[in-house]
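Enquirer: for reference, the sequence and a predicted model appear below.
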Amino acid sequence: MTHPIIIDTDPGQDDAVAIMMALASPELEVLGITAVAGNVPLALTELNARKICELAGKPDVKVFAGAIRPILCNLVTAEHVHGKTGLDGPILPEPKMQLQKQHAVDFIVDTLMERPAGTVTLCTLGPLTNIALALIKEPRISSRIKRIVAMGGGFFEGGNITPAAEFNIYVDPHAARLVLDAGIPFTLIPLDCTHQALTTKARVEKFRTMKNNSGPAVALMMDFFERFDVEKYGTDGGPLHDPCVIAWLLRPELFTSRDVNVVVECESQLTMGMTIVDWWRVTDRKPNATVCRGINSDGFFDLLTERLAKLA
Ligand code: RIB
Ligand code: CA
């Protein structure tokens with residue numbers, strides 16, 4: 001019995017690896033990939049999503065374009081991390097596969113309304129704008145989503161785009177607050193967890209020496225993507241954020257977590273987009289998320305390497 005998922009994403013090299021990992025996993029049925037503005041503008045995130053599907057040898061996957069900007073905030077992008085294409089590293093050919101005509105938000109709503117309730121998981125790798133818009137357009141989907149598994153936020157680890165906020169939440173804090181308040185089963189994979197999943201040289205070499213196209217292309221993506229974080233954190237490799245979402249779906253035992261309350265700061269300019277995680281349960285705010293803090297990073301990379309090796 002495969003697990004149907006929708007991947008909402010702003011590729012982004014780490015998004016690319018997450019998408020490829022999902023496409024290589026027979027346990028998962030990728031119903032569609034919905035692009036959102038984030039790391040780079042929407043025109044590039046949807047293009048990159050299609051390039052990634054073709055790189056993985058899966059040109060039949062449906063890719064949809066969604067929100068071109070956050071709900072209220074002006075769009076903030078991250079070319080300084082991901083390069084001007086958003087997928088700097090390998091030279092990937094222009095995709096032959098077409099972008100779907102349907103808007104991503106309509107695809108999300110229609111899929112959730114047509115499929116049996118409680119069967120589809122939303123895997124979010126970028127700002128939550130598309131998910132928030134879908135909830136506003138059709139509130140009934142909130143009881144039909146099996147779970148949202150989101151890369152985003154940070155608590156003891158702080159922020160990466162401001163001292164207080166992680167990028168995905170910071171770009172659209174109002175969307176994140178709306179989604180977290182919707183009462184949907186929610187798993188949050190924050191920087192506290194993803195900063196332990198480092199693309200060390202030894203791990204990237206396993207990608208580089210794979211006997212397919214996908215592995216070496218991922219290695220080139222990592223070579224580019226990690227340079228910013230290696231400089232910033234002084235670590236051997238950069239944090240591979242988004243594939244942690246797929247790994248949690250496949251092998252949740254690789255992670256440790258607690259069910260706690262998470263609130264998103266939407267007022268203060270100083271801490272806009274900060275995720276206030278009540279890890280020690282010092283308030284009476286109701287738990288609304290399963291927040292991951294620990295990861296077995298060797299187990300994670302073993303799983304990722306095994307899956308990427310299956311691709312074209
Ligand atoms: O903060 C890391 C997150 O922001 C990742 O999803 C990365 O792709 C960017 O979207
Ligand atoms: Ca992302």
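Expert: Cool, the structure landed. No experiment lies behind these values; they were computed from the predicted model shown. Ligands and ions are numbered 1, 2, ... in the order given.
Enquirer: list the contacts of Pro4.
Expert: Residues in contact with Pro4 (C-beta atoms under 8 Å, 6 or more residues apart in numbering) are Leu28, Glu29, Leu31, Arg115, Thr119, Val120, Thr121. Bear in mind the C-beta positions are built from the backbone N, C-alpha and C, glycine included.
Enquirer: how about these, which pair is most distant?
Expert: Leu28 and Arg115 (14.5 Å; C-beta to C-beta).
Enquirer: and these two? Which one has more around it.
Expert: For Leu28 versus Arg115, neighbours defined as other C-beta atoms under 10 Å are more numerous around Leu28 (20 against 14).
Enquirer: look up which residues are beta-bridged to that one.
Expert: His3 (DSSP bridges).
Enquirer: so how far is ligand 2 from it?
Expert: To ligand 2, Leu28 is 18 Å away according to C-beta to the ion, to the nearest Å.
Enquirer: of the contacts of Pro4, closest to ligand 1?
Expert: Thr121 (17.1 Å; C-beta to the nearest ligand atom).
Enquirer: where's that closest one, which helix or strand?
Expert: Per DSSP states H and E: Thr121 is located in strand 120-124.
Enquirer: could you list the low-pLDDT ranges of the stretch 51-200 of the chain?
Expert: Scanning the stretch 51-200 of the chain for pLDDT under 70 picks out nothing.
Enquirer: ok, now which ones touch the residue of it found nearest ligand 1?
Expert: Going by C-beta to the nearest ligand atom, ligand 1 is nearest to Phe167 of the stretch 51-200 of the chain, at 3.6 Å. Neighbouring residues of Phe167 by C-beta under 8 Å, 6+ apart: Gly38, Asn39, Ala78, Asn160, Ile161.
Enquirer: could you redo the last one with a cut-off of 10 Å?
Expert: 10, 12, 38-39, 76-78, 81, 126-127, 151-154, 159-161, 191, 241, 273 (C-beta atoms under 10 Å, 6 or more residues apart in numbering).
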